[in-house]
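> After the sequence you'll find the predicted model.
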Amino acid sequence: MRYSLALFVILAFIWLANSGHYTGLLLSFGLVSVFTVVAISQRMGLIDHESQPIHLAGGLPRYYWWLFTKIVRSNIDVVRHVWRGPSTISPVSAWVPARLHTDMGKVLYANSITLTPGTVAVDIDGEEILVHALTAEGLEDLRRGEMERQVRDLEE
Amino acid sequence: MLAATIIALLVVMALALARALLGPTIYDRILAVNVFGTKTVVLIAVICFTLGKPEFLDIALVYALINFVSVVGVLRYFEFRSGNSFPVVGQGDFSGDEGGQAND
Amino acid sequence: MTDLVVSGLSAVLLALGCLFMVSGAVGLLRFPDFYTRMHAAGVTDTLATFLIICALMLQAGWSLALFKLGLILLFIFFTSPAASHALAKAAQHSTLRLEPGSGPRAVPAEAVGGQETQPAEPALEADAANGDRA
């Protein structure tokens, strides 16, 4: 029920933000379509803690802020390597440990790695992620586990 | 400043197109097409503000959706076409023939 | 006064966004192989898009366009890693396959995995060089 309500609020917000016409008729159409989507999702069994991770919502702003600063720093780093030329990069790939309790945490961690320029998560196997990095320093930075700790803080 | 941004976006799209033509592998081409698509979304959004018609933003939104689905769809096709035979489906298949055609 | 500040800030953000975007595209052309090019593409997808959309948000002010720009930004940030990962995963089925567990590329040159990637690298560069000349 909690998850259905969360989906309803999100869908209603998207509908209102995209519509721009707030007359009675169109609002009722929107209400009907949002209810239909929630009902269909419920029948398909799509609504659970994985599709609506509201238990993470409390820690998300702090994590997003941290991720944003990380993205800015690695962007500047990659751009510097672009202008200095391909001789300054040292591409490397390796398995990086991901000691996280939930699948959700692993997905978040792998997606964060890919979203940060300079590192890409290629494959995941149990508690390890295959990472390709632009420089050896980028991989070392990941190995130090700062990002992993942030994700673990988030899921607890 | 908006006009300068549009020019920069067009330059970036031209560079991505150059990468798509140069290849050399099929994945480089898909990567370039993906970059081209996301830049198109931003270009449409900037054009909205140049023309002063915010309702065009819906087009950018829909284009973002279509771009993502099409890239993933094309990738699924190549992922399963090559299967497990990665030593056979090699540089010769993708770069040699296609690269030649693209350059001709 | 505030109008001037907002438009100035928006112009600065647009200029920075253009700079990052062009840098990413140059990297896309300049870097030697597929995986490194993917990192360059990441620059244009994340920070450059963020800066340009933020500049547009400042110009939009409090209107419906603000929410739509936010939705576009959110969507690009959610789908960009998914597309990148799909690309890297699909490339695992080709000769571009990364040998798992390897350190820097130069180290396992005589290992079994090295035989797959080592011949592929010069071919890649040769093709790119040919393309440049053509």
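Perfect, I can see it now.
> List the residues that contact residue C:45.
B:35, B:38, C:24, C:76, C:80, C:84 (C-beta atoms under 8 Å, 6 or more residues apart in numbering or on different chains). C-beta coordinates here come from the backbone N, C-alpha and C atoms, glycine included.
> now residue C:20
By C-beta under 8 Å, 6+ apart, the contact set of residue C:20 is A:75, A:79, C:43, C:44, C:47, C:48, C:51.
> Which members of the contacts of residue C:45 additionally contact chain A?
With C-beta under 8 Å from any C-beta of the partner chain as the criterion, these include C:24, C:80, C:84 near chain A.
> What pLDDT does the model give residue A:128?
pLDDT recorded at residue A:128 is 85.
> is it true that it touches residue A:96?
Yes. Using C-beta atoms under 8 Å, residue A:128 is in contact with residue A:96, at 6.8 Å.
> Just want to know which of those two has more residues nearby.
residue A:96 (21 against 16; other C-beta atoms under 10 Å in any protein chain shown).
> and the more buried one, that's in a helix?
No. Read with DSSP: H, G, I helix; E, B strand; the rest coil, residue A:96 is strand and lies in no helix.
> hang on, it packs against residue A:142?
Yes. With contact defined as C-beta under 8 Å, residue A:96 reaches residue A:142; the gap is 5.5 Å.
> so what sits against both of those two?
Common neighbours of residue A:96 and residue A:142, using C-beta under 8 Å, 6+ apart, are A:113, A:131.
> is chain B contacted by stretch A:126-144?
No. Using C-beta under 8 Å from any C-beta, stretch A:126-144 stays clear of chain B, coming no nearer than 12.8 Å.
> Could I get the full set of helices for the chain?
Going with chain A. A:2-19, A:24-43, A:60-84, A:103-115, A:136-143, A:146-155 (DSSP state H).
> hmm, I had chain B in mind actually
Listed in chain order, the helices of chain B (DSSP H) span B:2-22, B:26-51, B:57-82, B:91, B:97-103.
> Looking at the contacts of residue C:45, spot the one nearest chain A.
Using C-beta to the nearest C-beta, residue C:84 comes nearest to chain A of the contacts of residue C:45, at 5.0 Å.
> To what extent is the closest one buried, counted in neighbours?
When neighbours are counted by other C-beta under 10 Å, residue C:84 registers 25.
> Does it touch residue C:44 like I think?
No. Using C-beta under 8 Å as the test, residue C:84 is too far from residue C:44 to be in contact (11.8 Å).
> Tell me who's in contact with residue C:59.
Neighbours of residue C:59 in contact, by C-beta under 8 Å, 6+ apart: B:49, C:6, C:7, C:10.
> right, and residue A:55 touches residue A:3 too?
No. With contact defined as C-beta under 8 Å, residue A:55 does not reach residue A:3; the gap is 10.1 Å.
> Between those two, which contacts overlap?
Residues touching both residue A:55 and residue A:3 (C-beta under 8 Å, 6+ apart) are residue A:49.
> how about the residue in chain B positioned nearest to chain A, what does it touch?
Distances between chain B and chain A by C-beta to the nearest C-beta are smallest at residue B:58, namely 7.0 Å. Residue B:58 makes contacts with A:18, C:68, as judged by C-beta under 8 Å, 6+ apart.
> rerun at 7 Å
By C-beta atoms under 7 Å, 6 or more residues apart in numbering or on different chains, the contact set of residue B:58 is empty.
> ok, it to residue A:108 distance?
Going from residue B:58 to residue A:108 by C-beta to C-beta, to the nearest Å gives 30 Å.
> want to throw the helices of chain A into a markdown table with mean neighbour count?
Shown next, in a markdown table, are the helices of chain A (neighbours: other C-beta atoms under 10 Å in any protein chain shown):
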| stretch | mean neighbour count |
| --- | --- |
| helix A:2-19 | 15 |
| helix A:24-43 | 13 |
| helix A:60-84 | 17 |
| helix A:103-115 | 21 |
| helix A:136-143 | 18 |
| helix A:146-155 | 17 |
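> Could you list the domains of chain A?
Domain assignment of chain A by automatic domain parsing yields the ranges A:2-43, A:58-155.
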